[in-house]
Structures are given as C-alpha cells and as structure tokens.
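Colleague: Quick check, what structure comes out for this input:
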Amino acid sequence: MRHCDLCVIGSGPGGQKAAIQAAKLGKDVVLVEKMDSVGGVALHTGTIPSKALREAVIAVTGARNIVEGVTDELASSRDDRLQRLTDACKRVIKIETDLIRSQLLGNGIEIIHGHGSFLDAHNVQADGPRGVERISASNILVAVGTNPARPRDITFDKEKIITSDEVLHLPKLPRTMIVVGGGVIGTEYASMLAALGVRVTLLEARPRLLEFIDPEIGEALQYHLRQMGCTLRLGEKVVKVSLIDPPRGARSVDDKLVQATLESGKTLVADCLLYSIGRQGATAGLNLQAAGLSADERGRIKVNQNFQTSAPNIYAVGDVIGFPALASTSMEQGRAAALHMFGEPVEQQPDLVPYGIYSIPEISMVGWTEDRLTKEAVPYESGIAQYREIARGQLLHDEIGMLKLLIHQETHCILGVHAIGTNATELIHIGQAVMAFKGTAEYLVNAVFNYPTLAECYKVAALNGLNKLKHV
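Modeller: Numbers count the residues shown, from 1 in each chain. Take a look at the predicted model:
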C-alpha cells in the first residue's frame, strides 16, 4: 500500500492547486484522476473548451463589427464550420493539459490514473489501467467536480438532445437550437451559437436571465442577445422533450427534429436542444459512506469554512461543494484547504470574489449589488461610464459596453463594480484591488490611466458618481 501525506481525488482546478500547495510545503502527495489525462471537467468539457470556442467565434465574426464589408470566411462552409472552430479549441486543450501535467510532475506529485473511491476515512482505492491500487493518506481532498444534470424523463442522444459536454462534439452546426436554462452555461452557449448564425431560442423559467447579476447589466445583455437574433422565452418551463419527424417537403426526411413542450402549452421545434439546467456533484461512485460521509440530493458535499467535511481529515473543494462553483474560486479553495490541513495560516477574501460570465458580450462583477445594498439599508450612489464615451471603446467599436461603480454615499468607498462589454472580466480586477484597500471614488478620479484604455472607465464612472453625490 502506498502511504502519503495527502491524497487528492480529482485533477481539476481545485485538486491541482491543493496538490501543488501541499507539495510546496514539502508534503508527499498522490493525485488520483479517473480520466486518461489531467485537468478535469474544467479543462476537457467545461471552462477551457467553452472559452476557447468563444475566442474562436469572436475571431471569425468580430471583424465585421469593425470593418464594413468583411465577409465571413466560414459562410460558404456551414457543414464544417463547427469542426473548424472546435479544432482550434482542441489545440488549446492539448497545450493546457501538457502544462498542468508538467506542473504536477515538476512538483513531485505522483499521478495515478483510475477511478478513486473510499475504503475508509484514511484509505482510497484507485481502479485503473494498472489494476487496483490502494493509497493510505493522512489527509484526503475530494475535488471531483460535477456533471451536467440529466433528468430521467429526457433521452439524451448526444446529437439532437445534448448537454454542454456534447456541444463541441456535434457533427455539424445546427441551423436552429433550443437552449433550456438561462444560467451561466446556457447563456454563454446561446450567445456563441447566435453569433455563428444559429437561430437560438433561449428558455428560462425565471423572469430574467442571470438573476444574480446587476439588473441593468442583465437588461443590456438581454437586449444584445435579441439584437443577435436570439429569441428569449422568459418565465417559461419545459415539461417535455421529444424527437419528432420532419414536416413533409423537408430537405432531409431522415433527420429528426426536437420538440420542446412548455408548461404554458406552447411547443417549440428545432434541429437540436441543449439542456443546461443545473449540474450534479460527481460523487455517486466515491463510496462516501465508507468514510462516514454523505452527499445531498444534488451530489454536493457539505464543508465548514475551512473546507473540512464531517471527517476532519477529509476536505472537499470546488464545484462538488456548491456555490459559487467557479474555476477561480475552486483554485483558491484548494490552496486554502491544503494550507489549513497542514497548520499554515490562511487569509481569505470571500467578499471580493469576482464573477466572470463569458457570454458575447462578456459580463463581470465584484462586490455588492444594488439589490443587496438596498436590502441592508446601505446608502449608495451609482456612477456609470459607457464604452462609447471612451476612446478605446470607439477603437474597439463596442457601442454597448458599460462599467458601473457603486459608491458609499458617506465614505465614498467603492462597494461594487459591474461591467458588460469587451474585456469586462479583465477590467473588473482594477475595482477588485481598489476595494481590497478600501479605496474611494476620489482615488479613481485622481489616478492617471493610460490613454486610450478601457481602464479610463473607472475615472469617468467615479466622476459621474461623485457629481451625483454633490446634490445629496
């Protein structure tokens, strides 16, 4: 039996950073990964593939936003359009896989490929190509991630009725698609496909998309999606999904269509349906009960503020513990868990976690929302900068971009930053840093930003907010 200080189950963002952090502390680390290559869902079917696809989509469609008359080089090859885009994604995935593996091995971490499961609270079994291996560990960290939810009453065939795992494996780009679920994943893929010319219908049971983001930002996103030709069906719930025969006279009588029946009685028909409502923790095969653990109905494991489970030597991080389920937070959770289990000090900033939504256009936020400030009776004012007011925004031909600052009426401290538009996920970190040091709107007004840059939005938004406060 192999003994180590830490056994990590899962090589996604959380598992990677926990393993490397422990190795940096001089600990003996074994990482168990059921897939043939490292990186987990985030690298192979989630974060990196979807973002790589987004960049490829922008690369082939973005020129038309700047130079009139540019023709889409893929317009004449619709059947292989998706394949050409996904080939670009595969190159990114290959490079990232090699890099992660190199980092793990470079830190002396042993990688065992096989399905990991508990024998008890200190022993893990890895069932893989080399047979069954047993690992005894002083500490164990679970970072197995999640899988797309697949309701039993829906038959997923990986071609007509799919989840986000199958998008990059479609044989060709559909002409029409129904996306069920207006959360982060559904919204991101709906915008990408719409940008490629797919007629997308996006269904969301709630009254608006992405309810956790700033309402003004959300309204701007919904407007832009509609301008891209995306049909939004808000407040609608799908009750049945089935395959139907094409109508008479269709180009291909052998090609089935997907029909979605809504609770309101409407029926929608498309070439393909992407189901993206929720994800399930990948804990079913872990044999958690052998370690005295359990998961909830969505496969999530409960942890305390130090990411410890009910068994003190077993930790869990990443999507498998639930919200916020971001690659960035998973990385930080893994690092923090490794530091805590070996008695090292940990400093966390949960209120300054940025959120990035890689739709087209992209969205990002950090800090408080207007709804939360209002509910907690915190006096604030907003300051707004439109990209079209900024020289860099004009150079990028971004007419819809916007940055919003939420400013405390009395102290003038920055309480929240919300952005939509080009490079919003990069731009947000300026506000994050200012907030970490209790910076004020006056600091942003007095700061000198490179010209022309989108960073100037901070000065314009701060001036806008302070001018409003003069009348308070």
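Colleague: where does the stretch 251-400 of the chain have low pLDDT?
Modeller: 251-254 (pLDDT under 70).
Colleague: Show me where it has its strands.
Modeller: For the stretch 251-400 of the chain, applying DSSP state E, counting those that start in this stretch gives strands covering 257-262, 267-270, 272-275, 279-281, 314-316, 355-357, 363-367, 380-386.
Colleague: would you list these in TSV and tack on distance to Ala338 and mean neighbour count?
Modeller: Bear in mind the C-beta positions are built from the backbone N, C-alpha and C, glycine included. Output for the strands of the stretch 251-400 of the chain, formatted as TSV (distance: least, C-beta to C-beta, whole Å; neighbours: other C-beta atoms under 10 Å):
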stretch	distance to Ala338	mean neighbour count
strand 257-262	44	18
strand 267-270	46	16
strand 272-275	35	26
strand 279-281	21	22
strand 314-316	8	28
strand 355-357	24	21
strand 363-367	25	24
strand 380-386	37	21
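Colleague: Need these in JSON lines (columns: distance to Asn139).
Modeller: Shown next, in JSON lines, are the strands of the stretch 251-400 of the chain (distance: least, C-beta to C-beta, whole Å):
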{"stretch": "strand 257-262", "distance to Asn139": "46"}
{"stretch": "strand 267-270", "distance to Asn139": "48"}
{"stretch": "strand 272-275", "distance to Asn139": "37"}
{"stretch": "strand 279-281", "distance to Asn139": "20"}
{"stretch": "strand 314-316", "distance to Asn139": "7"}
{"stretch": "strand 355-357", "distance to Asn139": "30"}
{"stretch": "strand 363-367", "distance to Asn139": "32"}
{"stretch": "strand 380-386", "distance to Asn139": "43"}
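Colleague: what's the strand or helix carrying Asp98 packed up against?
Modeller: Using DSSP states H and E, Asp98 falls within helix 78-106. When contacts are defined as 3 or more C-beta pairs under 8 Å, 6 or more residues apart in numbering; DSSP states H and E, helix 78-106 packs onto helix 13-24, helix 40-44, helix 47-61, strand 110-113.
Colleague: wait, which of these is closest to Val417?
Modeller: Shortest distance between Val417 and the helices and strands packed on helix 78-106, using C-beta to C-beta, is found for helix 47-61: 21.2 Å.
Colleague: mind listing what's buried in the closest one?
Modeller: Residues 47-54, 56-58, 60-61 are the ones in helix 47-61 that count as buried (16 or more other C-beta atoms under 10 Å).
Colleague: ok, back up a step: right, and the helices and strands packed on helix 78-106 - which one's nearest Glu204?
Modeller: helix 47-61 (18.5 Å).
Colleague: Send over that closest one as CSV, restricted to the C-alpha atoms.
Modeller: C-alpha atoms of helix 47-61 as CSV (Å, rounded to 0.1, in the frame of the first residue of the first chain):
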residue,chain,number,x,y,z
THR,A,47,-14.4,26.2,-18.6
ILE,A,48,-11.5,26.0,-21.1
PRO,A,49,-13.4,24.4,-24.1
SER,A,50,-16.3,26.9,-23.9
LYS,A,51,-13.9,29.9,-23.5
ALA,A,52,-11.7,28.6,-26.4
LEU,A,53,-14.8,28.3,-28.5
ARG,A,54,-15.9,31.8,-27.6
GLU,A,55,-12.5,33.2,-28.6
ALA,A,56,-12.6,31.3,-31.9
VAL,A,57,-16.2,32.6,-32.6
ILE,A,58,-15.1,36.2,-31.9
ALA,A,59,-12.0,35.8,-34.1
VAL,A,60,-14.1,34.8,-37.2
THR,A,61,-17.1,37.1,-36.6
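Colleague: Please compute how far it lies from its chain's middle.
Modeller: Distance of helix 47-61 from its chain centroid, counting by C-alpha atoms, centre = their mean, to the nearest Å, is 14 Å.
Colleague: Just want the angle from it to helix 78-106.
Modeller: Counting by axes from the mean of the first three to the mean of the last three C-alpha atoms, to 10 degrees, helix 47-61 lies at 140 degrees to helix 78-106.
Colleague: Other residues contacting helix 47-61?
Modeller: By C-beta atoms under 8 Å, 6 or more residues apart in numbering, the residues outside helix 47-61 that reach it are 13, 39, 42-43, 72-74, 85-86, 88-89, 92-93, 96, 164, 167-168, 185, 188-189, 192, 195-196, 327, 358, 360.
Colleague: Stretch 291-300 now?
Modeller: Contacts made with stretch 291-300 from outside it, assessed by C-beta under 8 Å, 6+ apart, are listed as 118, 120-121, 140, 146, 278-284, 288, 301-302, 309-311, 314, 320-322.
Colleague: Columns pLDDT and distance to Ile430 on top of the buried residues of helix 47-61, output as JSON lines?
Modeller: Listed next are those as JSON lines, based on pLDDT from 0 to 100; distance: C-beta to C-beta, whole Å:
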{"residue": "Thr47", "pLDDT": "85", "distance to Ile430": "23"}
{"residue": "Ile48", "pLDDT": "89", "distance to Ile430": "25"}
{"residue": "Pro49", "pLDDT": "87", "distance to Ile430": "28"}
{"residue": "Ser50", "pLDDT": "90", "distance to Ile430": "25"}
{"residue": "Lys51", "pLDDT": "90", "distance to Ile430": "21"}
{"residue": "Ala52", "pLDDT": "89", "distance to Ile430": "25"}
{"residue": "Leu53", "pLDDT": "89", "distance to Ile430": "27"}
{"residue": "Arg54", "pLDDT": "91", "distance to Ile430": "22"}
{"residue": "Ala56", "pLDDT": "87", "distance to Ile430": "27"}
{"residue": "Val57", "pLDDT": "89", "distance to Ile430": "26"}
{"residue": "Ile58", "pLDDT": "88", "distance to Ile430": "22"}
{"residue": "Val60", "pLDDT": "79", "distance to Ile430": "30"}
{"residue": "Thr61", "pLDDT": "80", "distance to Ile430": "28"}
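Colleague: Perfect, I'm done here.
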